[in-house]
Structure formats: structure tokens, C-alpha cells
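> Would you be able to build a 3D model of this:
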Amino acid sequence: MATKRSAPSSFDDDKKSSSRPYNKRHRINTAQPHKPLPANLGNKSFKKAHSVNDLKSSIRSLRRLLNGPNSSKLPATVRSEKERALQTAEQDLKREEDAIKRDQCIGRWHKVRFFDRQKAERRLKKSKKALKNAEAEGGELEELRRKVEDGENEVNYAIYFPLDMDYVPLFPTKRKGKSEEEEKEEEKEEEKGRPRETGTGEVVRQGDDDMWQLVKKCASEGRLKDLREGRLRRASSGDGEGEEEQRTVKQKITTEGKKTEQTVKAPQLSQDEQKDGEMESDNESGGGFFE
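Numbering: from 1, shown residues only. All right, here's what the predicted structure looks like:
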């Protein structure tokens, strides 16, 4: 006689589920999902992504305040404070724009610089090997030493070309779709002052002649890092941050249709830096700031 099977109980189900092995893949995430970020927020914060626009708007508002119809009613203390704020905002804007240009140049020319560096290192290795063999055999060394020096300068050119400038390739590849006239013009420009290595099967070195000489000079002086970061050009043009902050700036302020010229001393530090400097001056223990 067949026996009836009892209906499964919830206790049996709990027992089976408890005996099931623990697996991370089947773990249920009970945490609440994160809310989606706003459209204006992404990898960068809103303030960092819009710092240039914020600076431009603050500069416009400060200029309107200083040059507007009610500018003559401003007290002298308020006027000097707003003028200092305007100069600080203009310096910050220039710094931000230079940083943006630098990032764009790095991204645009990164691959080209990488391939130029590889080619230059191969050529330098080949020249050093030829010089070593010539020294062992007692051959002519002057031409080979010149090639080694040029190879070292090629590597320095590819590495230490200023990052905030458009890179001029040493070994450019021909682009497709160029007309014959454009190619002839480029060949004429390449022949001006650039050494050509014909008959050897090597790639012709090109690049910027002025930058080539500057890289060689900086290598002899040990200032290649300054060249790469753009500090040499800022110092030569007088646009350095220290010099710009110490100069006196003349601003023409329009008041009721009349232009008056006023000499204003540029701020040495921003407002936040001035507060930090005051706190440090109270607790200083000897030694200068620039030591």
C-alpha cells in the first residue's frame, strides 16, 4: 500500500537554504543605491571644471564696478580693495588658461613625442656602437663623435621640448591627401639650415632649429627641466609670477566720462595667503620665507 508523502514545510526550506554553501557571487546587496550625480558633475568637480568661467565673470563684475557710472561714489578703501581683487583674479585667470593650454598640448603631442624619442634613442645607440667600433679599429672619430652629440641632443629635444608649446616633430611622417605644392613648400623649409643624411638610408632629422640650439645650450648649462616646464621663457619675457606681483600697475579708470590714471601697487599675496602669512609671522622661529 502506497504511503502519502507529507507536504514540504517551511522549516525544511529554511534548513536546505541554510545548508547551501556561501557564495559571494550570489550575495544580495542590501545597501541603498547611490543617487545619480547631476549633469554638471562628473569626474571633475563643478568648481574645478568652471573655474575659468567663474574668474571671467568676477573680472567683468569688478570692472563694471570700478568703471561704472557710480564708481566715483566708492570710498577709497573699497576702491583699492576691489582693484587688488581685480589684479588677483586676472593673474589667476592667466594661470588657469596657461594650465589648460599646457594640458591640451600634452594630450595632442604625447604620441608624436613618444615615437620621436624612440627613433632618437635608436639612432643614438647606433651612433655609439659605430664610435666604439671605430675606436677599436682606429678609424676616423670626429664625424662619429658629432653624430653621437647630435643623437644625444635629439633625445633631449624629444623629452625636454616645452610642454606648453606645440611640438615640432623631429621625424614627421607624411600625411595623406597633401597636394604636390604643399609637399614642395615643406621640402624647401626642411632644406633651410637642417642637416640631411643622404645615401645612408637614415631618416632625415627636422624639427625647430631655434629650439634645437636652445636645447643644446640648456643641456650644457643643466637647465633642461626649466626648459620643459616653460620657466626659462617666462623669466626671459619678464612674465614671471614674482616679477608680476612686485611691479606697479597703472590702471585707467573711467569716471563720468573722464579718464584718470591711477598707480596701484600689485598685491604680493592673495587674501588667503595674507591671512596664512600673518599667522605664520606670529609663530615664526627665524629664517626667511624664500630660504
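> Counting by contacts, list what the longest helix seen in the chain packs against.
Using DSSP state H, we find that the single longest helix of the chain is helix 76-137. For helix 76-137, the packing partners by 3 or more CB pairs under 8 Å, 6 or more residues apart in numbering; DSSP states H and E come out as helix 51-67, helix 142-160, helix 241-246, strand 258-265. For the C-beta atoms, the positions are set from N, CA and C on the backbone; glycine is no exception.
> pLDDT (mean, whole number) over the last one?
By that I understand strand 258-265. For strand 258-265, mean pLDDT rounds to 43.
> again, but for the second one
Helix 142-160 shows a mean pLDDT of 90 in the predicted model.
> elements contacting it?
Under the contact definition 3+ CB pairs under 8 Å, 6+ apart, helix 142-160 sits against helix 76-137, helix 209-221, helix 224-229.
> Can you mark which positions in the last one are buried?
To tie it back to what came earlier, the one meant is helix 224-229. Across helix 224-229, burial judged by 16 or more other CB atoms under 10 Å covers 224, 226-228.
> Mind giving me the packing neighbours of that helix?
Judged by 3+ CB pairs under 8 Å, 6+ apart, the packing partners of helix 224-229 are helix 142-160, helix 209-221.
> Identify, out of those helices, the most deeply packed stretch.
Across the helices and strands packed on helix 224-229, the average number of neighbours (mean count of other CB atoms under 10 Å) peaks for helix 142-160, which reaches a mean of 18.
> Please write out the alpha-carbon positions of that helix in CSV.
Provided in CSV are the C-alpha atoms of helix 142-160 (Å, rounded to 0.1, in the frame of the first residue of the first chain):
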residue,chain,number,x,y,z
GLU,A,142,85.4,63.2,-35.4
GLU,A,143,82.4,62.6,-37.6
LEU,A,144,81.1,59.8,-35.4
ARG,A,145,81.5,61.9,-32.2
ARG,A,146,79.5,64.7,-33.9
LYS,A,147,76.8,62.1,-34.7
VAL,A,148,76.7,60.9,-31.0
GLU,A,149,76.4,64.5,-29.8
ASP,A,150,73.5,65.1,-32.3
GLY,A,151,71.9,61.9,-31.1
GLU,A,152,72.0,63.0,-27.5
ASN,A,153,70.5,66.3,-28.4
GLU,A,154,67.7,64.6,-30.4
VAL,A,155,66.8,62.6,-27.3
ASN,A,156,66.8,65.8,-25.2
TYR,A,157,64.8,67.6,-27.8
ALA,A,158,62.0,64.9,-27.7
ILE,A,159,62.0,64.8,-23.9
TYR,A,160,62.5,68.4,-22.8
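> quick check: angle from that helix to helix 209-221?
On the basis of axes from the mean of the first three to the mean of the last three CA atoms, to 10 degrees, helix 142-160 is oriented at 100 degrees to helix 209-221.
> Could you tell me the angle between helix 142-160 and helix 76-137?
150 degrees.
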